[in-house]
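Visitor: quick one, what's the 3D model for this:
(one chain, ligands or ions: 1)
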Amino acid sequence: MCTAATYLTKDFYFGRTLDYEFSYGEEITVTPRNYPFHFRHTENLEKHYAIIGMAHMAGDYPLYYDAVNEKGVGMAGLNFVGNAYYHKEESGKKNVASFEFVPWVLAQCATLDEVRDLITDLNIVDTLFSENLPAGMLHWIISDKSGSITVESMKDGLHIHENPVGVLTNNPPFEQQMFMLNNYMGLSPKQPENHFADKLDLNMYSRGMGALGLPGDLSSASRFARVAFTKMNAVSDDSEEESVAQFFHILGSVDQQRGCCEVSDGKYEITIYTSCCNASRGIYYYTTYSNSQITAVDMHREDLDGSVPVHYPMLTKQQILWQN
Ligand SMILES: C[C@H](CCC(=O)NCCS(=O)(=O)O)[C@H]1CC[C@H]2[C@@H]3CC[C@@H]4C[C@H](O)CC[C@]4(C)[C@H]3C[C@H](O)[C@]12C
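Guide: Sure thing, here's the model as predicted:
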């Protein structure tokens, strides 16, 4: 499972957890403005906005999982297996292969409104990157500081939803996830009061009973409710350190520990990495399952007018600061 979230303080933050039982070998990748993007069915982009994010480098081609561009737009792909459906090429539409969708959007849109315009007549097509790389069955969250949308390509066509919570997990489809939040409208960060029955003497027997009733399990629907509640009620200072720390706490609410989610015999889904991009400043912060220290890559320390992607391996070895 995976979870994505946004957070706005002085700057705009965008990130995700990537939960899986194995890794495709991903790297923090900066694609500079003059790397030529050659798309399979639509016009090439020889020059475009610079992008930083997590990608699997297939030769020199960055297959992005999640990224932000230099203008502050962020986008992430999350599993949507069973509901995602990619179509055949159709004339008169903008045909974009599913693996091209992230760079195609981030390369050319400076705002979410530009994304909304760009994706009219979009057709997400089933063209594979290569024969030996089956398509990731995904849905996407696209955001900037003004808000978020969710894009779901399903058998009955393309669905574009406003996403007022700025979070995304996995199945079921987004509209159902949003609907299920109705079930939690009684939740409150305040100390609970007895609304159960006048005739019963129900008491707060401990401090810290805010959010009582928030689902704690790892299902996609429960993670959606939990991260939405955490994010919507999150309070922090607007400094960089506090905002980044708070962002990691928001996604920390849906962290997957090895052992709790067995997907096949002896195979466990874990949070392989958690990212937090400062989308306003082009900085990609991340932690990994085994390395809880925050590591950062800043796109503006690279030559953004270059033409070759720069990629850094994920630092996965635990860093411990000894105090004595
Ligand atoms: C597995 C991950 C989702 C994790 C997740 O959501 N786990 C919930 C499990 S659960 O099903 O909900 O239980 C997804 C997220 C992004 C994906 C890559 C996107 C680029 C590229 C697209 C190509 O087409 C295929 C290869 C490619 C490298 C993709 C591989 C894989 O598909 C990635 C890593």
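Visitor: interface residues of the stretch 101-250 of the chain facing the ligand?
Guide: The stretch 101-250 of the chain has residues 129, 133, 135-136, 170, 220 near the ligand, with proximity defined as CB under 6 Å from any ligand atom. Any C-beta I mention is one placed from the backbone N, CA and C, and that applies to glycine too.
Visitor: which residue ranges of the stretch 51-200 of the chain form helices?
Guide: Along the stretch 51-200 of the chain, the stretches classed as helices by DSSP state H, counting those that start in this stretch are 101-108, 112-118, 174-180.
Visitor: so what secondary structure elements neighbour the longest one?
Guide: Contact here means 3 or more CB pairs under 8 Å, 6 or more residues apart in numbering; DSSP states H and E; on that basis helix 101-108 packs against strand 51-58, strand 61-69, strand 74-79, helix 112-118, strand 138-144.
Visitor: ok, the last one next?
Guide: Under the contact criterion of 3+ CB pairs under 8 Å, 6+ apart, the helices and strands touching helix 174-180 comprise strand 157-162, helix 220-233.
Visitor: just the second one next, same as before
Guide: For helix 112-118, the helices and strands in contact under the criterion 3+ CB pairs under 8 Å, 6+ apart are helix 101-108, strand 138-144, strand 147-154.
Visitor: buried set for it?
Guide: Under the neighbour-count criterion of 16 or more other CB atoms under 10 Å, helix 112-118 has 112, 115 buried.
Visitor: give me the neighbour count for the residue in the stretch 101-250 of the chain that the ligand sits nearest to.
Guide: Scanning the stretch 101-250 of the chain for the residue nearest the ligand gives Gly136, at 2.6 Å (criterion: CB to the nearest ligand atom). When neighbours are defined as other CB atoms under 10 Å, Gly136 has 18 of them.
Visitor: quick one: residues contacting it.
Guide: Residues in contact with Gly136, defined by CB atoms under 8 Å, 6 or more residues apart in numbering, are 77, 79, 98-99.
Visitor: would you list the phi and psi of it?
Guide: Reported as degrees, to the nearest 10, the phi and psi values for Gly136 are phi -70, psi 130.
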